[in-house]
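Q: Next comes the sequence, and after it the predicted model I'd like to discuss.
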Amino acid sequence: MFDVSIEDAIPPAFLYSLLALTVAYHIFAPLCSTVKQQSWILTTISSAAMSLSSLPLFFLYASSRGDLRGIRSTPWTESTGRFFQAYLVADLLMGVIYYRSKVNLLTGWIHHTIYIFIVEYACRQGWSHLFALCAVMEIPTFLLAIASLNPRFRSDVVFAMSFLATRIVLHVFLCVSMVASRHHVTNDSYGPGLIMACIFPLHAFWFYGSLKGFVKRAKSPKPQPVSQGTVTASGFTSLRARSWMLPRRRGSLRQAVRAWDRLELRKAAGRFGDQVYAYVGLERLPSGEPQQTGAKTESSF
């Protein structure tokens, strides 16, 4: 009844990319020590691939002084769009399974869903080359992602400059070019230009937020280093007071524990009794009698 193959319904580039990204996540996830790092694995891979894929088109766009007529859709630009769609789907799927707390409503579900449809619209209209060109804006995303995986690569200045250059300045140029060249590039359609114009306020808001963060960190007072060789009188007095009070507190706790056992209320105390025993340095024998031990125990408080 329906003569539609799976290749027509779901492009192979999307399926292969989704499989590759899923495998890549499970390879690199065990190397991450935090959930936050795991949540940035796919973003790092995607932003790196998209940035590299866009560079030939960006150089062509820059060398032609903003003329889009020399850029055409190819199977490569089509595959680039399908790869980005696969990343969006994979990030949501892996997020639901492994890092749900890091996938929020705005930058996760809403953002990814909207971009899935934007890429689909561009590919169906034959404008995949325009989307692939705009993928150069993923350079700031890569810088942010790689810094999230390893803080040693973090540079607020480099990130801010790349964001300003791509998602603010270049964004404006691309928006103007798409509107000005619509007769030759998009068959007089304002679609790409309108999409770019709608996205720009979000980029401007993000950039404004990053600038506010820089100013706030610059104005915050830096902690003054304390010399380790200097011992103040108040600190010495406090240290002596703590060292004098600690044995008395432990002795009081030991007496309370022994009285606790004599009254046979230990069973009603549950796990709290175990914590008290661990703190005062006592171990329980199978018979229930406490026994002092010289081993240092860690408090579970």
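A: Structure received.
Q: Torsion angles phi and psi at residue 62?
A: Here is the backbone geometry of residue 62 (degrees, to the nearest 10): phi -70, psi -40.
Q: ugh, typo on my part, it should be residue 190
A: The phi/psi pair for residue 190 (degrees, to the nearest 10) is phi -90, psi 0.
Q: residues contacting it?
A: 179, 182 (CB atoms under 8 Å, 6 or more residues apart in numbering). Just so you know, the C-beta spots here come from the backbone N, C-alpha and C atoms, and that holds for glycine as well.
Q: Tell me where the stretch 101-250 of the chain has helices.
A: Counting by DSSP state H, counting those that start in this stretch, the stretch 101-250 of the chain has helices at residues 111-124, 128-134, 139-149, 156-163, 171-180, 182-185, 191-219, 233-262.
Q: Mean neighbour count, mean pLDDT and distance to residue 97 added to those, as CSV?
A: Listed next are the helices of the stretch 101-250 of the chain as CSV, based on neighbours: other CB atoms under 10 Å; pLDDT from 0 to 100; distance: least, CB to CB, whole Å:
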stretch, mean neighbour count, mean pLDDT, distance to residue 97
helix 111-124, 16, 96, 15
helix 128-134, 25, 97, 28
helix 139-149, 21, 96, 19
helix 156-163, 15, 94, 29
helix 171-180, 18, 96, 34
helix 182-185, 15, 91, 40
helix 191-219, 14, 89, 28
helix 233-262, 11, 54, 46
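Q: Now render those as a markdown table, adding distance to residue 12.
A: Below are those laid out as a markdown table (distance: least, CB to CB, whole Å):
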| stretch | distance to residue 12 |
| --- | --- |
| helix 111-124 | 13 |
| helix 128-134 | 15 |
| helix 139-149 | 26 |
| helix 156-163 | 33 |
| helix 171-180 | 29 |
| helix 182-185 | 27 |
| helix 191-219 | 26 |
| helix 233-262 | 69 |
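Q: wait, which of those is closest to residue 88?
A: For residue 88, the closest of the helices of the stretch 101-250 of the chain is helix 111-124, at 4.2 Å, according to CB to CB.
Q: Now do that closest one against helix 191-219, angle only.
A: Counting by axes from the mean of the first three to the mean of the last three CA atoms, to 10 degrees, helix 111-124 lies at 150 degrees to helix 191-219.
Q: Alpha carbons of helix 111-124, as PDB, please.
A: Output of helix 111-124 as PDB, limited to C-alpha atoms (Å, rounded to 0.1, in the frame of the first residue of the first chain):
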ATOM      1  CA  HIS A 111      16.400  23.700  21.600                       C
ATOM      2  CA  HIS A 112      17.100  20.300  20.200                       C
ATOM      3  CA  THR A 113      13.500  19.700  19.000                       C
ATOM      4  CA  ILE A 114      13.400  23.100  17.200                       C
ATOM      5  CA  TYR A 115      16.800  22.500  15.500                       C
ATOM      6  CA  ILE A 116      15.800  19.000  14.400                       C
ATOM      7  CA  PHE A 117      12.900  20.600  12.400                       C
ATOM      8  CA  ILE A 118      15.100  23.500  11.200                       C
ATOM      9  CA  VAL A 119      17.600  21.100   9.700                       C
ATOM     10  CA  GLU A 120      14.800  19.000   8.200                       C
ATOM     11  CA  TYR A 121      13.300  22.100   6.600                       C
ATOM     12  CA  ALA A 122      16.700  23.200   5.200                       C
ATOM     13  CA  CYS A 123      17.400  19.700   3.700                       C
ATOM     14  CA  ARG A 124      14.000  19.300   2.100                       C
END
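Q: List the contacts of it.
A: If you take CB under 8 Å, 6+ apart as the criterion, helix 111-124 is touched by 78, 81-82, 84-85, 88-89, 91-92, 128, 130-131, 191-192, 195.
Q: Same check on stretch 143-151?
A: With CB under 8 Å, 6+ apart, stretch 143-151 has contacts from 32, 36-37, 40-41, 43-44, 47, 153-155, 158-159, 162.
Q: Dead centre of the chain: give me the residue that sits there.
A: Nearest to the mean C-alpha position of the chain, by CA atoms, centre = their mean, lies residue 40 at 4.5 Å.
Q: Return the per-residue confidence for the closest residue to residue 99 other than its chain neighbours.
A: In space, and not counting its chain neighbours, residue 99 is closest to residue 39: 4.1 Å by CB to CB, 6 or more residues apart in numbering. At residue 39 the predicted local confidence, pLDDT, stands at 96.
Q: repeat for the one 5 residues further on
A: The confidence metric pLDDT takes the value 98 at residue 44.
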